[in-house]
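S.K.: Fold the stuff below for me.
(chains A and B, ligands or ions: 1)
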Amino acid sequence: MAVRLKTPLSEADVLGLKAGDVVYLSGTIYTARDSAHRKILGLAGRGELPFELDGAVVYHCGPVVRKTGSGYEIVSAGPTTSARMNRYLGGILGLGVRGIIGKGGMSGEPFKGRAVYFAFTGGAGSLAAKSVKRVVDVLWMEELGIPEAVWVLEVEDFPLLVAIDAHGNSLYL
Amino acid sequence: MLVDAIVEAIRLAVTRIPDDVVLALKEAYAGEEGEVARFNLENILKAVEIGRDGSIPVCQDTGTLTFFVRAGVESPYLRGLEGAIFEATRRATEEIPLRPNAVDVMTGKNSGDNTGRFVPVVHWELAEGSEIEIAVLPKGGGSENCSALAMLTPSEGWEGVRRFVLERVRKCGGKPCPPVVLGIGVGGGADQALLLAKKALLRKGEERHPDERIAEIEKEILEEVNALGIGPMGMGGRTTALDVKIEVAHRHPASFPVGLVVQCWASRRAFVEIKPDGRVEVWQ
Ligand code: SF4
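M.R.: Alright, predicted model coming up:
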């Protein structure tokens, strides 16, 4: 099955997906890698997170960016290995995140009943960048550096594969 | 001039996947029937094309730049070469651009330009003559995290090599962005085994090891790895590895070191040659 979805994702959106479905995702996504997860969970714990993650989609990605006159342009932006973020998975889904995009898969249990894991092809960064329409914002760039900063991206028809669904099914062996 | 050539080689490496690798990817695509495997290989082939046509880094992890220099001791261009490599790395980071991937181990601070303590990595080898050849190998983190060393006993021998490699590849599953290319270094000490394994990744697809017995083992391991069924991106399929390259060194009687360097499908490389008269050539 192939469907088009727009962020924020609802509970019904994610419960309707099955491992193996193709989703064309549009809307806003947030990149986050190891340090960004630590930072997000720390701030959320103190009620100081500067953005809302309810229904959000988090992308495990450290992009190549180019500075433009007024901001940044995404040059290449494929997924990074998600397993490194397993330790933050319960915490991040607890903030209301409904979808995670990455590569290589994650522990399936925390997704049950509330969220899905989308796979995009690792290494296909130049293709992923075609789906990024613009950089909405970037957070903590000075502190974390380009790959680890949180990039808020507007995407259009980002082609993703549901690799772990909310019903306990996974495409990983 | 020299710096320009090295920047060009870096650009070639990160934006253009070598022809032999693309060929292997196309063959893999033709050989897969599963929808998921085809989804991934199709995306890979599209990304390769976009990178090539737009001169865009195919993968966003432009890696740790690793240089293998074979320096002819009579070349008049040896002086300042290391500086030129560092300068080219900085310029490439800004111009291509590359992702800044050099992070201080104590503070976690990113240097911002891909240079730092012992980075980019430069391996030197002295040679007779007056030519210099520089190989550029951008090495991604996801696949490098699957690299490993095994200090086997001599009685485990080549059977042990097989077992170690298969076990490691199985354990890593989709993490190194399969289909992978495996570099295997056997013999030497711990350091040499890993270095040989990494260097093996510079060999072209069709280049088998000149020793037929070793070439045979390369083919066997490739078959066995593909029989694991891990498939493109670890979601099942016939192609887990595109190729296996082995390099060997004599070993200590008591040791049987095996270095495994896992390279992703984005098996990137480029070369620069500096001729005795200063002309440079860049190729893949
Ligand atoms: S493992 Fe290779 S292809 Fe995958 S993200 Fe890293 S550098 Fe890119």
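S.K.: Name the helix or strand for the residue nearest to residue A:169 when sequence neighbours are not counted, please.
M.R.: Using C-beta to C-beta, 6 or more residues apart in numbering or on different chains and skipping residues adjacent in sequence, the residue nearest residue A:169 is residue A:19, 4.0 Å away. (Glycine included, C-beta is placed from N, CA and C.) Counting by DSSP states H and E, no helix or strand carries residue A:19.
S.K.: my guess is residue A:19 meets residue A:165, correct?
M.R.: Yes: between residue A:19 and residue A:165 there is a contact under C-beta atoms under 8 Å: 4.6 Å.
S.K.: list the helices and strands the helix ranked longest in chain A packs on?
M.R.: When chain A is parsed with DSSP state H, its longest helix is helix A:34-45. Secondary-structure packing of helix A:34-45 (3 or more C-beta pairs under 8 Å, 6 or more residues apart in numbering or on different chains; DSSP states H and E): helix A:86-94, helix A:141-144, strand A:150-164.
S.K.: Can you give me the pLDDT of the residue nearest to residue A:169?
M.R.: pLDDT recorded at residue A:19 is 97.
S.K.: ok, residue 123 - contacts?
M.R.: Picked chain A for this. A:78, B:44, B:47, B:58, B:59, B:61, B:140, B:177, B:264, B:265, B:266 (C-beta atoms under 8 Å, 6 or more residues apart in numbering or on different chains).
S.K.: ah, no, chain B please
M.R.: Residue B:123 makes contact with B:66, B:67, B:68, B:69, B:195, B:199, according to C-beta under 8 Å, 6+ apart.
S.K.: Measure how buried residue 110 is and give me the count.
M.R.: Just going to use chain A. 19 (other C-beta atoms under 10 Å in any protein chain shown).
S.K.: wrong one, chain B
M.R.: The burial count for residue B:110: 21, using other C-beta under 10 Å.
S.K.: Repeat that for residue A:139.
M.R.: Look at residue A:139: counted by other C-beta under 10 Å, it has 18 neighbours.
S.K.: Repeat that for residue B:167.
M.R.: Residue B:167 has 12 neighbours, counted by other C-beta under 10 Å.
S.K.: Next: residue A:90.
M.R.: Neighbours around residue A:90, by other C-beta under 10 Å: 12.
S.K.: Compute the distance between the residue nearest to it when sequence neighbours are not counted and the ligand, please.
M.R.: Among residues not flanking residue A:90 along the chain, residue A:110 sits closest, at 5.0 Å (C-beta to C-beta, 6+ apart). Distance, residue A:110 to the ligand, using C-beta to the nearest ligand atom, to the nearest Å: 23 Å.
S.K.: again, but for residue B:147
M.R.: For residue B:147 relative to the ligand (C-beta to the nearest ligand atom), the value is 11 Å.
S.K.: which residues does the closest residue to that residue other than its chain neighbours contact?
M.R.: Leaving aside its chain neighbours, residue B:147 sits nearest to residue B:261 (4.6 Å; criterion: C-beta to C-beta, 6+ apart). By C-beta under 8 Å, 6+ apart, the contact set of residue B:261 is B:144, B:147, B:182, B:183, B:184, B:185, B:194, B:197, B:198, B:200, B:201.
S.K.: again with residue A:54
M.R.: Residue A:54 touches A:8, A:95, A:96, counting by C-beta under 8 Å, 6+ apart.
S.K.: That one: what secondary structure?
M.R.: Per DSSP: H, G, I helix; E, B strand; the rest coil, the secondary structure class of residue A:54 is coil.
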